[in-house]
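S.K.: A structural model of the following input is requested.
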Amino acid sequence: MNQIATRVNENKLGVIPRDLDAEQSILGSILLNSKILDEVADLLKPEFFLDSINIELYKLFLELWQNQRPIDILFVLDALKGKNENVSKDYLLELISKSSLSSTPIETAKILKEKFILRSIIQVGDRLKFEASNENEKADDILDQAQRQLYEVSLTNVDKNFVPINEVLVESFERISHLYNNKVDFRGVPTGFTDLDGILGGLHASDLIILAARPSMGKTSLSLEVVKRIALMQKVGVAFFSLEMSRDQLCDKFISSVSGINLNKIRTGHLSDDPADNEFTRLGSAIGQLDQAPIWIDDSGSLNILELRTKARRLKSRHNIGLIIIDYLQLMSGKGDKFYNGNRVQEVSDISRGLKMLAKELEIPIVALSQLSRSVEGREDKRPMLSDLRESGSIEQDADVVMFIHRDEMYNKESKKKGIAEILIAKHRNGETGTVELAWVHKLATFDNLSGGRTSGRVNE
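M.R.: You can find the predicted model right below:
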C-alpha cells in the first residue's frame, strides 16, 4: 500500500471528488521543472489538493519558488527536515515517475481546481442538509445561507489579492515617465483612426469596449480595419473570434482593404491586368503583408464564455496577443441553458461580465460587437442611444467604452453626409464622450480617416 492509501480512508472518501494521480503528476512535473510554477502559481492554490502531504509539499514548492531557491529532491528533503519527516526520497521519486500523466500543467491545475470546487459544493450541501433536517431555522434563512455559501464557493474563480498603494504608485510613476520621456501620444494601442484615438487615447488594457450598430452599418468592417491597422502598423497580435462570417470571407475583406481592390473583384476573381494598375500584382503584395501579420482567426461559429476564456488565455500565453475582438456578443452563449431557464437577458449579462473579467485578467482590451434593438428605426433621429443596446442586461454597466456607428445615408437617400460615418462615443469611463467622423469607403466596404479618405479619392468610388 503506497503512502497516499495510508493517508486517505477510501471508505470515508469514496464519493469525494478527487484526482490523486493529478496531484502527484503536477508535483512531479514541478520537481522536474520549477518554471512550471510561472504558469500555474496564480491558478493552483494549496487547498485544491486533497492529500495532506501533497498540500504541504506544494506549499513548500511555492515558498522555494518565491524565494528563488532550487526545487529538486535533495533541496526539498533538506527543507523538510524538522517540518515533515513523512516525505521520503522514494515518494518524491514516485511523484517524478507520474509527471508524464498530465497533459499540460495548466490543464492539470484546472482539474484540481474543479475537484476542489465540487468538494466545496458537497460540503455546502451537507451543511444545508443538516440545517434543514434539524428544522431549527426558517426556510428563508436556510435559502439565504445557501446563496451566500455558494457565492463564496464561486469566488474561487476571482482574484482576491490586495495590492498596497505604494506598489501601484511606483508602477504609475514608471508608466507616466515612459510616456513623458518617449513622447508617446497614447497609453493604449492606437487604432489608426486619428480622431478616434484623440478621444479614446487608443484601446486600453483591461477595457471592455462595445461597438454596436444596426445591421449593415459596418460593425464587422470597422473592427477588421482596426485589426489590420493594429496588426500591420503596430505589430500587435490580435485574436478575432467570428461567430457570423467564415475565415474566407474575413480574409477577402482584409485583402480588399490592404490592396485597395474592390471587394466584389476579390470575391469574383475578376481582377484587372492593366499594366498601369495591375490588380493581380497588388493582390500579391497585400497577401505578402498579411502573411506576416500577427492575426489569429477563430470562426468556429459557436462559442461560449468558457471556451473563449480558454482560447484567449492560450493565445495570450503563446503569442502575447494585445487585443481580442468578438463578432458578435449576442451570438455567444453562457454556461448552458440550464443556468438561465430561458432568460436570455441574464445570459447576455453573464457573457458581458465574463468578457470584462477576461480583459482584466489578461490585461488587454476586448472589443465586443453588439446588435442594437429595432427601436432605433422608430425614431426620427436614427442616432443610437445606450438604451438601444439589444438584450442589454449589464452590457452598459460592464463596458468601459460604448461606441455606435451611424451612417445617415442608410436612412436618407438625399443625405448630405454620403460617404461619412459617425462614430458616437456614448460612454467612456475614463475620458470624454463625443462624435468622430470617418470616411466610409464603399468599394472596399471599410473605413478610413476622413481627410485621408477624401484626399485619396477613395470615398464613394
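
S.K.: CA atoms for contacts and neighbours, from now on please.
M.R.: Fine.

S.K.: any idea how far Thr281 is from the residue lying farthest from the centre of the chain?
M.R.: The C-alpha centroid of the chain is most remote from Pro275, which lies 46.2 Å away (C-alpha atoms, centre = their mean). Noted for Pro275: a distance of 10 Å to Thr281, by C-alpha to C-alpha, to the nearest Å.

S.K.: number of nearby residues for Val15?
M.R.: 9 (other C-alpha atoms under 10 Å).

S.K.: go on, Ala139?
M.R.: 12.

S.K.: the stretch 201-350 of the chain: strands as residue ranges?
M.R.: Secondary structure of the stretch 201-350 of the chain by DSSP state E, counting those that start in this stretch: the strands cover 208-213, 238-242, 295-298, 323-327.

S.K.: make TSV out of those strands and add distance to Ile405.
M.R.: Output for the strands of the stretch 201-350 of the chain, formatted as TSV (distance: least, C-alpha to C-alpha, whole Å):
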stretch	distance to Ile405
strand 208-213	5
strand 238-242	19
strand 295-298	23
strand 323-327	15
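
S.K.: comparing those, which comes out most buried?
M.R.: strand 208-213 (a mean of 28; mean count of other C-alpha atoms under 10 Å).

S.K.: mind listing the strands that strand pairs with, and their directions?
M.R.: strand 366-371 (parallel), strand 401-406 (parallel) (DSSP bridges).

S.K.: tell me how far Val345 lies from Gly322.
M.R.: Distance, Val345 to Gly322, using C-alpha to C-alpha: 29 Å.

S.K.: neighbour count winner among those two?
M.R.: Shown here are Val345 and Gly322; by other C-alpha under 10 Å, Gly322 has more neighbours (23 against 16).

S.K.: now tell me which helix or strand of this structure has the poorest mean pLDDT.
M.R.: Lowest on mean pLDDT, DSSP states H and E among the helices and strands of the chain sits helix 10-13, with a mean of 44.

S.K.: show the subsequent helix or strand relative to that helix.
M.R.: Proceeding N to C from helix 10-13, the next assigned helix or strand is helix 20-32, under DSSP states H and E.

S.K.: give me the distance from that next one to the chain's centre.
M.R.: Distance, stretch centre to chain centre, for helix 20-32: 28 Å (C-alpha atoms, centre = their mean, to the nearest Å).

S.K.: show me what counts as buried in that helix.
M.R.: Neighbour counts using 16 or more other C-alpha atoms under 10 Å place Ala22, Glu23, Gln24, Ser25, Ile26, Leu27, Gly28, Ser29, Ile30, Leu31, Leu32 of helix 20-32 among the buried residues.

S.K.: contacting residues for Leu128?
M.R.: By C-alpha atoms under 8 Å, 6 or more residues apart in numbering, the contact set of Leu128 is Ile142, Gln145, Ala146.

S.K.: if we go to 10 Å?
M.R.: Counting by C-alpha atoms under 10 Å, 6 or more residues apart in numbering, Leu128 makes contact with Ile122, Asn134, Ile142, Leu143, Gln145, Ala146, Gln149.

S.K.: over to Ile106?
M.R.: Contact partners of Ile106, counting by C-alpha under 10 Å, 6+ apart, are Ile26, Ile36, Leu37, Glu39, Val40, Ala41, Leu43, Leu44, Leu112, Arg314.

S.K.: ok so, going back, and the least confident of the contacts of Leu128?
M.R.: By pLDDT, Gln145 ranks lowest within the contacts of Leu128, coming in at 71.

S.K.: Three-state assignment for the most centrally placed residue in the chain, please.
M.R.: Central residue of the chain (C-alpha atoms, centre = their mean): Leu358, 4.1 Å from the mean position. Secondary structure, DSSP: H, G, I helix; E, B strand; the rest coil: Leu358 is helix.

S.K.: any low-confidence regions in the stretch 151-300 of the chain?
M.R.: Across the stretch 151-300 of the chain, the ranges flagged by pLDDT under 70 are 151-152, 154-163, 167-169, 175-176, 178-186.
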